[in-house]
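Undergrad: sequence? don't have it. structure:
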């Protein structure tokens, strides 16, 4: 089955700096890669996603890149703000696997004011 | 739209007791999922239902059963609770199987003593 590894497990940055979180996946059939943000005590919520036919996608301060050959994808947050502090999860899934998402173990991002 | 609604929000059980976690979605999604979240271990799939009338095991199904009551509702049952089942449980749903993000409920925090 699919295996997703996420790094780093914790990340601390100064407000205004950039943050990068990386994930690798093992199943070449995976073709959809969402990223979720989970604030303390809350549910995970989608912040951005990318499909395998696209190499990069941006949404204001957030971007995701995908390298299918290397089987890795990354989340980039620019101009970080204290409200970006949360746990971020990457996931990989394919429509050939009953839609099951395989999650990374999460990255705890702390943005220091 | 309420999205995905889970009940209860909190529950304390004694070892050996049983309970059912309820989940309902009003987005007309076909697929529904139950995850558990433990500290440092990300989200692990317990059971899923790709469509009404079908259920299947995920990564950690032991000690659990599920029922897809209709398209809206997907319940998770613990027949004989164990301390190892202390966790936060999330129900989620998605539209196009494997190609759309998960919509999560607010979670159930379960403690088994």
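TA: Perfect, I can see it now. The structure presented is a predicted model; accordingly, all values stated were derived computationally and were not measured. Numbers count the residues shown, from 1 in each chain, chains lettered A, B, ... in the order given.
Undergrad: for the rest of this, base every contact and every neighbour count on C-alpha atoms.
TA: Will do.
Undergrad: tally of neighbours for residue 106?
TA: As the question left the chain open, I've gone with chain A. When neighbours are defined as other C-alpha atoms under 10 Å in any protein chain shown, residue A:106 has 28 of them.
Undergrad: please refer instead to chain B.
TA: By other C-alpha under 10 Å, the residues close to residue B:106 number 21.
Undergrad: quick one: it from residue B:72, how far?
TA: 16 Å (C-alpha to C-alpha, to the nearest Å).
Undergrad: for chain B, give me the ranges with low pLDDT.
TA: Applying pLDDT under 70 to chain B flags residues B:97-98.
Undergrad: and the residue nearest the centre of it?
TA: Centroid-nearest residue in chain B: residue B:34, 2.8 Å away (criterion: C-alpha atoms, centre = their mean).
Undergrad: what residues are up against the residue nearest to that residue when sequence neighbours are not counted?
TA: Nearest residue to residue B:34 in three dimensions, chain neighbours excluded: residue B:91, at 4.6 Å (C-alpha to C-alpha, 6 or more residues apart in numbering or on different chains). Contact criterion C-alpha atoms under 8 Å, 6 or more residues apart in numbering or on different chains gives B:4, B:6, B:23, B:32, B:33, B:34, B:35, B:104, B:105, B:107 as the residues in contact with residue B:91.
Undergrad: 10 Å instead, please
TA: Residue B:91 sits next to A:43, B:4-7, B:21-25, B:32-36, B:45, B:47-48, B:74-76, B:102-108 when contact means C-alpha atoms under 10 Å, 6 or more residues apart in numbering or on different chains.
Undergrad: and what of residue A:61?
TA: A:18, A:76, A:77, A:78, A:79, A:80.
Undergrad: among those residues, which are located in strands?
TA: With DSSP state E as the criterion, strands contain A:76, A:77 from among those.
Undergrad: tally of neighbours for residue 52?
TA: Since you didn't name a chain, this refers to chain A. The burial count for residue A:52: 15, using other C-alpha under 10 Å.
Undergrad: actually it's chain B I care about, not the one you picked
TA: Neighbour tally, residue B:52, other C-alpha under 10 Å: 18.
Undergrad: start to end distance for stretch B:12-21?
TA: 12 Å.
Undergrad: ok, and for that stretch, which residues are buried?
TA: Within stretch B:12-21, the residues scored as buried using 16 or more other C-alpha atoms under 10 Å in any protein chain shown are B:13, B:21.
Undergrad: that stretch near chain A anywhere?
TA: No - against chain A, stretch B:12-21 shows no contacts by C-alpha under 10 Å from any C-alpha of the partner chain, the least distance being 16.2 Å.
Undergrad: so how far is that stretch from its chain's centroid?
TA: 15 Å (C-alpha atoms, centre = their mean, to the nearest Å).
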